[in-house]
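Participant: Sequence and computational prediction follow.
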Amino acid sequence: MSQATDPFLATRKPLPGASTGRPERNDPRERRRRHMVELLAVCALALVPWTVVLGVTLPTDYRVHAWRTTWVGFDILLLIALGATAVLGRRRHRAVVIPALSSAVLLVCDAWFDVSLALGTPAVWASAALAVFVELPMAVFLFHRMYNLLRLQWTPLPSADTADRAGGRRTAVVEPEESP
């Protein structure tokens with residue numbers, strides 16, 4: 001019988017000072033986390049009408065004055081992110097997650113912009129090939145590696161009983177015997 005169907009467990013309150021495994025509602029960290037999630041949800045919802053407005057009002061053709069500066073700047077940003085990933089990865093530093101995820105996102109953006117801006121031109125095939133065979137596989141590789149790294153960092157270690165059942169090394173806790 002689960003806690004949801006067992007009336008005794010559903011109404012039982014934890015003992016004073018006992019942890020329920022969930023953060024307290026009045027905990028300042030939990031309140032900040034809730035506010036951050038709410039802010040992100042509001043931003044995502046506000047982006048929907050803005051995207052519709054852009055889709056309706058933006059011109060299909062636009063002449064750009066700082067094209068070279070934009071793309072060189074973007075590639076410099078990508079170079080910095082990839083370089084930081086390489087340096088922190090070489091040092092086996094946990095902070096490698098930040099530039100690696102940034103690099104992956106920038107690679108996806110680069111593939112998107114390259115292909116979408118080349119549509120209708122002969123350069124679209126080279127852009128699509130670069131996206132499919134270089135940028136997107138590299139982004140997927142980085143996402144996958146960082147997911148595994150984060151999963152390893154935040155996965156609790158198995159208890160001694162679990163490790164014993166899984167064939168792992170058993171560690172016994174020796175408690176002192178009571179004297180008669």
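Facilitator: Sure, I can see it.

Participant: what about Ile104, which helix or strand?
Facilitator: Not Ile; residue 104 is Ala. Using DSSP states H and E, Ala104 sits in helix 97-118.

Participant: Which elements pack onto that helix?
Facilitator: Helix 97-118 is packed against helix 67-90, helix 124-130, helix 136-154, with contacts defined by 3 or more Cβ pairs under 8 Å, 6 or more residues apart in numbering; DSSP states H and E. All C-beta spots, glycine's among them, are computed from the backbone N, C-alpha and C.

Participant: quick one: buried residues of it?
Facilitator: Neighbour counts using 16 or more other Cβ atoms under 10 Å place 97, 99-104, 106-108, 110-111, 114-115, 118 of helix 97-118 among the buried residues.

Participant: got a list of what Phe113 touches?
Facilitator: Residues near Phe113 by Cβ atoms under 8 Å, 6 or more residues apart in numbering: Phe74.

Participant: confidence score at it?
Facilitator: Phe113 is assigned 94 on the pLDDT scale.

Participant: ok, now Leu15?
Facilitator: We have a pLDDT of 51 for Leu15.

Participant: re the thing from before, among the helices and strands packed on helix 97-118, which comes closest to Arg34?
Facilitator: Checking these against Arg34 by Cβ to Cβ gives helix 136-154 as the closest, at 20.0 Å.

Participant: what angle sits between that closest one and helix 97-118?
Facilitator: Between helix 136-154 and helix 97-118, the angle comes out at 160 degrees (axes from the mean of the first three to the mean of the last three Cα atoms, to 10 degrees).

Participant: ok, back up a step: looking at the helices and strands packed on helix 97-118, which is closest to Met36?
Facilitator: If you check each of the helices and strands packed on helix 97-118 against Met36 by Cβ to Cβ, helix 136-154 wins as the nearest, at 18.0 Å.
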